[in-house]
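>>> build me a model from this:
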Amino acid sequence: MTGEARIERVVTSGTFSLDGGTWEVDNNVWLIGNDSDVLVVDAAHDAAAIMAAVGERRVCAIVCTHAHNDHIDAAPELARLSGAPIMLHPDDRMLWDMTHPDVAPDRDLTDGDCLSVAGAELWIHHTPGHSPGAVCLYAPSLSALFSGDTLFHGGPGATGRSYSDFPTIISSIRDRLLTLPADTVVYTGHGETTTIGAESPHLEEWLARGH
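Model (predicted):
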C-alpha cells in the first residue's frame, strides 16, 4: 500500500540574481506524491537536500513554476540524480538560459496540461506577470494550488524587475486563481501558505497599488 497523495515541503536557501542584483532567499520546494512516486515543484538551491526528502521514491517530474534562477538552479543536478524530466513553460526559456545555457528543459508545459502523481491530478494554469512563462499547479483532489511566485500570503509576486508586469500578474490572479474554491490552500514559492479565500478580498487593494 503506497497511500494517497500528500504534500511535503523542503526549505532550501541560496540566492536570487537578476538585473545586476543578488539577494539571499529561502525557497519552498514542494513534493507531491505517496510512498512510491513523487513530483517535485521547483528544484531550488540544493539537489541533495531534495533527494534526501525524496528518499527511495521515484521522481516522476521536476516542474518549474518559472525560471528565475532561485527556482531552477538545482534542477539539472536533481534531474541527473533522479532521472526525472524537467518541465518548463517555453515563455520562460530566456530566463532559464541565463542560468543554464548548456542544458535545456526536457518538456514544455502548456496551459491546460494535466500531470498525475499518486492518483492526484495537477492542472497547469499559465499565469504570466511575475515572469512571462509563470505557471501554477492546481490539484483539486488535494484542495491545493502551487503558486510559485505568482500569489503569496498578502498579495501578488514582485513585478519590479525585467520580464515582469504588474497589470499582467493581477489579471492572471483575478482570472485564473481567485476563481478557484475559497478553501483552496495556496502553497507558495517563499514563506507561508495562504488560501484563495483569504486573498480574494484584497484584489481591489492590489489594483490600487498599481496606480
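>>> output the below-cut-off pLDDT ranges for this protein.
Residue ranges of the chain with pLDDT under 70: 1, 210-211.
>>> hmm, try it at 80
1-2, 209-211 (pLDDT under 80).
>>> residue boundaries of the helices in it?
With DSSP state H, the ranges of helices along the chain come out as 47-54, 69-72, 75-82, 93-99, 166-172, 196-199, 203-209.
>>> comparing those helices, which comes out most buried?
helix 69-72 (a mean of 26; mean count of other CB atoms under 10 Å). Where you see a C-beta, it was placed from the backbone N, CA and C, and this is true even at glycine.
>>> need the residues that contact it.
14-18, 25, 27, 42-45, 64-65, 88, 95-96, 98-100, 148-149, 189 (CB atoms under 8 Å, 6 or more residues apart in numbering).
>>> try 7 Å this time
14-17, 25, 27, 42-45, 64-65, 96, 98-99, 148, 189 (CB atoms under 7 Å, 6 or more residues apart in numbering).
>>> these, buried ones only, as a ChimeraX selection?
Applying 16 or more other CB atoms under 10 Å to the contacts of helix 69-72 leaves a buried subset, and the ChimeraX line that selects it is:
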select :14,16,17,25,27,42,43,44,45,64,65,96,99,148,189
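>>> could the helices of the chain go into TSV alongside distance to residue 36?
Shown next, in TSV, are these (distance: least, CB to CB, whole Å):
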stretch	distance to residue 36
helix 47-54	11
helix 69-72	26
helix 75-82	14
helix 93-99	30
helix 166-172	34
helix 196-199	30
helix 203-209	40
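>>> to residue 179, which of these lies closest?
Smallest distance to residue 179 across the helices of the chain (CB to CB): 8.6 Å, for helix 196-199.
>>> what's in contact with that closest one?
Outside helix 196-199, the residues that reach it (CB under 7 Å, 6+ apart) are 151, 177, 178, 180, 181, 182, 183, 184, 186.
>>> which of these are buried?
Members of these that pass the buried threshold by neighbour count (16+ other CB under 10 Å) are listed as 151, 177, 178, 180, 184, 186.
>>> if you skip the residues just before and after it, what's nearest to residue 85?
residue 106 (3.7 Å; CB to CB, 6 or more residues apart in numbering).
>>> any idea how far residue 155 is from the one you found?
Distance from residue 106 to residue 155, counting by CB to CB, to the nearest Å: 33 Å.
>>> which of these two has more neighbours?
residue 155 (17 against 14; other CB atoms under 10 Å).
>>> if I look at that one, how far off is residue 169?
10 Å.
>>> for residue 152, same thing?
Distance from residue 152 to residue 169, by CB to CB: 11 Å.
>>> same check on residue 178?
From residue 178 to residue 169 the distance is 12 Å (CB to CB).
>>> ok, now residue 116?
Distance from residue 116 to residue 169, by CB to CB: 28 Å.
>>> one step back: among the contacts of helix 69-72, which are located in strands?
Mapping those onto strands (DSSP state E) picks out 14, 15, 16, 17, 25, 27, 148.
>>> ok, now which ones touch the last one?
The reference is to residue 148. Counting by CB under 7 Å, 6+ apart, the residues that residue 148 touches are 42, 65, 66, 71, 134, 136, 189.
>>> since that was my last question, I'll sign off now.
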